[in-house]
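> take a look and give me a structure for this.
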Amino acid sequence: MSASSVSRRRVLSLWLPRLPIDRIQRFFGNVGLHKSNDPSIVVIKDNNALVIHALDEAAERLGLYIGQPLANARAMCPDLRVFDADVVADAKTLSDVADWCDRFTPLVALDPPHGLFLDITGCAHLFGGEAALLRTLVRALARQGFAVSAAIAGTSVCARTLTRQATGTIVADGEEAEAISRLPISALGAGEIITNGLRRAGLKTIGDVAARTPSEITARFGARFSTLLAHALGQGDAPINPRKPLPDYIVEKRFAEPIATDTMIAMTLSRLADTLIASMEKQGKGARRLEAAFFRTDGVVRAITVETGRPVTRSAVIDRLFRERLDALADPLDPGFGFDMVRLSASRTEIVVQEQRDLDAHVHDNDELAALIDRIAARIGGKRVVVHLPQDTHIPECAVLAAPAQHHLAAAMQAEWPARAESEPPLRPLRLFDKPEPIKVPFATVPDGPPHQFTWRRALHAVVRVEGPERIAMEWWRQDGKQLTRDYFRIEDAEGLRFWIFRDGLYEGECFDHDGKPVPPSWYVHGLFA
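As a prediction, this is how the structure comes out:
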């Protein structure tokens, strides 16, 4: 393949210059409050003074600007509406916009504080070309209440520079230097110190700076700025960092008329599942993690995820899992004015291993069990469906590990548990507490004897039978010697109740106060026998 046949990267830079104030005004519109015509600003504290962080178009027409002290702004406009900045809410809004931009490309990266990068290489033709894509994106975000600036170029730095000064520009490959040569150096976003230094040197435009030799620029302003300038001129580019990893397989359906009914949503997911399975089947793969994304006409995106214990190779299984997941949602899927796009993606896939299924009954049983676990996990969550695995340790609370059943079912079925001695009582209780509960022991046989009575949950228990002690030392190589040696006893009280209690520490060996004097060790109940 020749170099000329390889498509160069194309990046769309999106900038929301008034995001903080747009977010607030969108909130007023969503809750049905009347939008005031008074100029509005958002302020933030800077060096113990409130300064303008964002402003609307009306405030800008009055001559207000970002960074202006609030006192000066109020003097110029007494009717000014002032809101406090909320950078967390702004970041959440930018993330929501990025989710909505996934409809154009799955490669969306954040450009904080108020920008995004979209890698549209090879996908612009799906929307009628780069110009049509740019118009569609800007108009849609404008309808959602955002002030938008966007540009397309071969490098992310060049596209970002154009959004600050020449919104709507589309630069052909190789023409980046010419497109930005007349722009002011402040458009590069290199920082106030470098920008002022360039101006004092008589370099007012990017073309003026580019006319100097790279070694001269590097010696005066550093290699970082020299690299930024080279990227802006189209001479190489740093890769963008997408918010989400690219799924292995993606299928989607767009609608000229939005859909809103459960029947249409289920039918769409079923058709997308058929297409997804057909694509994976060609490469002998099955899905382990699936995500359905629903794009609303008002810009809201809702994503539903399901996971499976084994690779899924049938669309009927995908239908069933998403039906269980949608039915169990605490926050039901709200179509609003309808979904204009539904996407189904497989973010994790595995090669399907063929098994002999006709004669081996265990394979069928395992398949049914795995399918049951997947359905339960889709309804109540994968972390709530667990299997227990034995651990090589003598510490009782660490001897069993609870792991998600979807990912550890095979290990649980092959696990080997300690065998119980025939005709012997169990050494461990059926019910083990998550945390040992303290008990009061007035006196006990020293140095390693059991208590004669104890108080647990405000009830006094007289001990009539005892088995033990069973001494368990803590794992010094993991605990740094901070945990004490335990002596466990199997206790039966006068009422016939059987307890598993232990003394935490050895008499006059491990338990001392702050002055180094021996103190009585503490006692705990750790479980109950049947």
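> would you mind confirming that F322 is in contact with A292?
Yes: at 6.0 Å, F322 and A292 qualify as touching, with contact defined as Cβ atoms under 8 Å. Any C-beta I mention is one placed from the backbone N, CA and C, and that applies to glycine too.
> common neighbours of these two, please.
When contacts are counted by Cβ atoms under 8 Å, 6 or more residues apart in numbering, F322 and A292 have L269, I304 as shared neighbours.
> ok, G286 to S181 distance?
From G286 across to S181, the span is 53 Å (Cβ to Cβ, to the nearest Å).
> higher neighbour count, those two?
Neighbours per residue (other Cβ atoms under 10 Å) separate G286 from S181, with G286 holding more: 20 against 15.
> the helix or strand hosting the more buried one pairs with which strands, parallel or anti?
Per DSSP states H and E: G286 is located in strand 285-296. Here strand 285-296 is paired, per DSSP bridges, with strand 301-312 (antiparallel), strand 339-351 (antiparallel).
> put together JSON lines for these, with mean neighbour count, mean pLDDT and distance to G382 on each row.
JSON lines is the format used below for those (neighbours: other Cβ atoms under 10 Å; pLDDT from 0 to 100; distance: least, Cβ to Cβ, whole Å):
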{"stretch": "strand 301-312", "mean neighbour count": "20", "mean pLDDT": "90", "distance to G382": "5"}
{"stretch": "strand 339-351", "mean neighbour count": "20", "mean pLDDT": "93", "distance to G382": "13"}
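> out of the ones you listed, which comes closest to R254?
strand 339-351 (4.9 Å; Cβ to Cβ).
> chain center to the helix or strand following the closest one: distance?
Using DSSP H and E, the helix or strand that follows strand 339-351 in sequence is helix 361-380. Centroid separation between helix 361-380 and its chain, computed with Cα atoms, centre = their mean, to the nearest Å, is 27 Å.
> ditto for stretch 163-175
Taking Cα atoms, centre = their mean, the mean C-alpha location of stretch 163-175 is offset from the chain mean by 33 Å.
> buried ones in that stretch?
By 16 or more other Cβ atoms under 10 Å, the buried positions in stretch 163-175 come out as T163, R164, Q165, A166, T167, T169, I170, V171.
> ranges for the strands of the stretch 351-500 of the chain?
Along the stretch 351-500 of the chain, the segments classed as strands by DSSP state E, counting those that start in this stretch run 386-390, 400-404, 431-439, 453-456, 459-472, 486-493, 498-504.
> highest mean neighbour count out of these?
Highest mean neighbour count of the strands of the stretch 351-500 of the chain: strand 498-504, a mean of 23 (counted as mean count of other Cβ atoms under 10 Å).
> what angle separates it from strand 431-439?
50 degrees (axes from the mean of the first three to the mean of the last three Cα atoms, to 10 degrees).
> average pLDDT across strand 498-504?
In this model, strand 498-504 has a mean pLDDT of 93.
> sheet partners, orientation included, of that strand?
Strand 498-504 has the following strand partners under DSSP bridges: strand 486-493 (antiparallel), strand 522-528 (antiparallel).
> report the distance from the first one to the chain centre.
Pointing back at strand 486-493 there. For strand 486-493, the distance to the chain centre is 46 Å (Cα atoms, centre = their mean).
> thinking again about what came up before, wait, which of the strands paired with strand 285-296 is closest to A444?
Using Cβ to Cβ, the strands paired with strand 285-296 put strand 301-312 closest to A444, at 49.0 Å.
> could you point out which residue ranges in the stretch 251-400 of the chain have low pLDDT?
Counting by pLDDT under 70, the ranges of the stretch 251-400 of the chain that qualify are 354-366.
> okay, strands next: where are they in the stretch 151-300 of the chain?
Under DSSP E, counting those that start in this stretch, the stretch 151-300 of the chain gives strands at 249-259, 285-296.
> between these, which gets nearest to A459?
Minimum separation from A459 across the strands of the stretch 151-300 of the chain (Cβ to Cβ) falls at strand 285-296, 49.4 Å.
> now the closest one, how far from the chain's geometric center?
Strand 285-296 has its C-alpha centroid displaced from the chain centroid by 16 Å (Cα atoms, centre = their mean).
> now do that strand against strand 249-259, angle only.
Using the same axes, to 10 degrees: strand 285-296 against strand 249-259 is 30 degrees.
> that older thread, would you convert the strands paired with strand 285-296 into a markdown table that also reports distance to A73?
Formatted as a markdown table, those follow (distance: least, Cβ to Cβ, whole Å):
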| stretch | distance to A73 |
| --- | --- |
| strand 301-312 | 36 |
| strand 339-351 | 41 |
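> contact partners of stretch 422-434?
396-397, 420, 467, 470, 490, 498, 500, 525-530.
> returning to what we had before: dump the buried residues of stretch 163-175 into TSV; add distance to A303 and pLDDT as well.
Below are those laid out as TSV (distance: Cβ to Cβ, whole Å; pLDDT from 0 to 100):
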residue	distance to A303	pLDDT
T163	28	94
R164	32	90
Q165	35	90
A166	35	90
T167	30	91
T169	33	93
I170	31	94
V171	33	93
